[in-house]
Structure formats: C-alpha cells, structure tokens
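*Asks:* fold the following for me, if possible:
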Amino acid sequence: MPGVADYVALVTSEHRRPHFLALVAASVKPFADAQAALAALPPAFDVDTAVGVQLDAVGLWVGVTRYLYTPLEGVYFSWDVEGVGWEEGVWKGRYDPASGLSVLDDDNFRRLVKARIAANHWDGSVPQAYAVWRMVFADTGSILVIQDNQDMSMSVGIAGIRLDAVFRALLTGNYIPLKPEGVRINWYAVTPDGGKLFAWDCESDGLAGWPDEAGDAGRWPEYMVPA
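*Replies:* Down below sits the predicted model:
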C-alpha cells in the first residue's frame, strides 16, 4: 500500500523544491491514511486475526457471543486439581466471578466462532461433520470419532488431544454444536493423555485396541455427559 513518501517520490526533479514537496505531502496524506485504514479492515475482522471488539463483531455476524448464559464451572487454574493444572485451567481475572468463567478470552472465543461458522454451513451428515471438525480444530491435533446409534442419538469421541478445562466445559454446555437438530449426544469420550481411544477390533487415527508390537494401545476413555 503506497504511503506519503511513495507519492512524494513521483515528483520530477525540476519540481523537487522543499515547499512544493511539503505541499504534495500535505495534500496526499489524507488519501494515503484512508487507503491504509481500508487495507487494515480485512485482517482486523478476519476470524483468524481479529481480537477484542473486532472479534466480537465477527461473533455477532455468525450468531454467537463471548458472554456465556451459564458460567463455565471448574475451569480456573488450581494446584493439585486434576484437569485444571498447567495448560489446562485458565487464570481467574481480577473481575471474573467466583462462580465460574462467564466471558471467554480471544483464543477460546475464536474457537467457538469457527465452530459456529462451520455449523452454519453443515448439512447435518456424519461425513461432513468430520470435514467440519478437521477444518475448525485441525490446529489442535484432535481427532473426531462419531457413532450413530440409529435411535436419534449419537456418541462422540475425541482423541489425539488432552482437552483443556474450557474446551470440556464448552462441549458439555452445548456451546459447540456437533449434532443435527433433534439428535441428542449421549456422551463425549475423551482420552486422559491425548492418545487413541480404545476400541475392539478397530484401528484408525483415533482408535486402537490392545497393545501392538510397538506397544501402542487404545486408552480407556473418560466420559463427559452434556447438560
């Protein structure tokens, strides 16, 4: 994006006098500033780079807000408490309520916004659910496993990542939409250490059985029941 100096540099040699150059600079500065401001708008409101109120605006466009109706409980960092230690719990802010986290930070809110964008384009099918998950959560290294129970219910497994406290609370609080309308999620099965989930006679990126020759085995899952 050209700036004031770029326009001033276009003045030919016979007119390069201090006063004239100053006049040109003063004349083009409003237009250069306007171009710079316009160029900054796309990244300011891009879901991958937006922060603060700009990210809030993106959330409003897709129908989600960082202010939660029900505070997320059990997500604040704590010593010697399983699931909310280092890289799992979130620091309690000065003005955060003691009852639970009610305002998401930019990183977790960005995850929620991306999930809602994907859900808005989802056709409700299982194959596209896998594609949507990979698109939204590829950077986390997580692997989605869906079991259709054929009774208007489904079970969801998440392997390859140890979920942090906020991610768990968003899932069980039904903030991240992973199901078609009218279908209920019985439970989420997650691995305690980020490995594969245990499954009988099945081998895939997210599932494994008893230990193989390399010692790799599926992990018994931890079950989370949505509200």
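
*Asks:* lowest-pLDDT helix or strand in the chain?
*Replies:* Counting by mean pLDDT, DSSP states H and E, the chain has its least confident helix or strand at strand 67-72, which shows a mean of 68.

*Asks:* now the helix ranked longest in the chain: buried residues?
*Replies:* Determined from DSSP state H, the single longest helix within the chain is helix 18-44. Judged by neighbour count using 16 or more other C-beta atoms under 10 Å, the buried positions of helix 18-44 are 24, 28, 32, 44. For the C-beta atoms, the positions are set from N, CA and C on the backbone; glycine is no exception.

*Asks:* that one - contacts with which helices or strands?
*Replies:* Counting contacts by 3 or more C-beta pairs under 8 Å, 6 or more residues apart in numbering; DSSP states H and E, helix 18-44 is packed against helix 4-8.

*Asks:* just the mean pLDDT for the helix it packs on, thanks.
*Replies:* The average pLDDT within helix 4-8 is 88.

*Asks:* hmm, who's touching it?
*Replies:* 21, 24, 25, 28, 29, 32 (C-beta atoms under 8 Å, 6 or more residues apart in numbering).

*Asks:* now distance to residue 134 and pLDDT too, for the buried residues of helix 18-44, in JSON lines please.
*Replies:* Converted to JSON lines, those look like this (distance: C-beta to C-beta, whole Å; pLDDT from 0 to 100):
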{"residue": "24", "distance to residue 134": "52", "pLDDT": "91"}
{"residue": "28", "distance to residue 134": "47", "pLDDT": "92"}
{"residue": "32", "distance to residue 134": "42", "pLDDT": "91"}
{"residue": "44", "distance to residue 134": "27", "pLDDT": "90"}
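
*Asks:* want to throw those residues into a markdown table with distance to residue 1?
*Replies:* A markdown table is the format used below for the buried residues of helix 18-44 (distance: C-beta to C-beta, whole Å):
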| residue | distance to residue 1 |
| --- | --- |
| 24 | 18 |
| 28 | 13 |
| 32 | 8 |
| 44 | 14 |
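
*Asks:* returning to what we had before: need the max-distance pair from the contacts of helix 4-8.
*Replies:* Spatial extent of the contacts of helix 4-8 (C-beta to C-beta) is set by the pair 21 and 32 at 14.6 Å.

*Asks:* ok, how many other residues are close to the closest residue to residue 68 other than its chain neighbours?
*Replies:* Sequence neighbours aside, residue 102 is the residue nearest to residue 68 in space, at 5.3 Å (criterion: C-beta to C-beta, 6 or more residues apart in numbering). Neighbour count of residue 102, defined by other C-beta atoms under 10 Å: 14.
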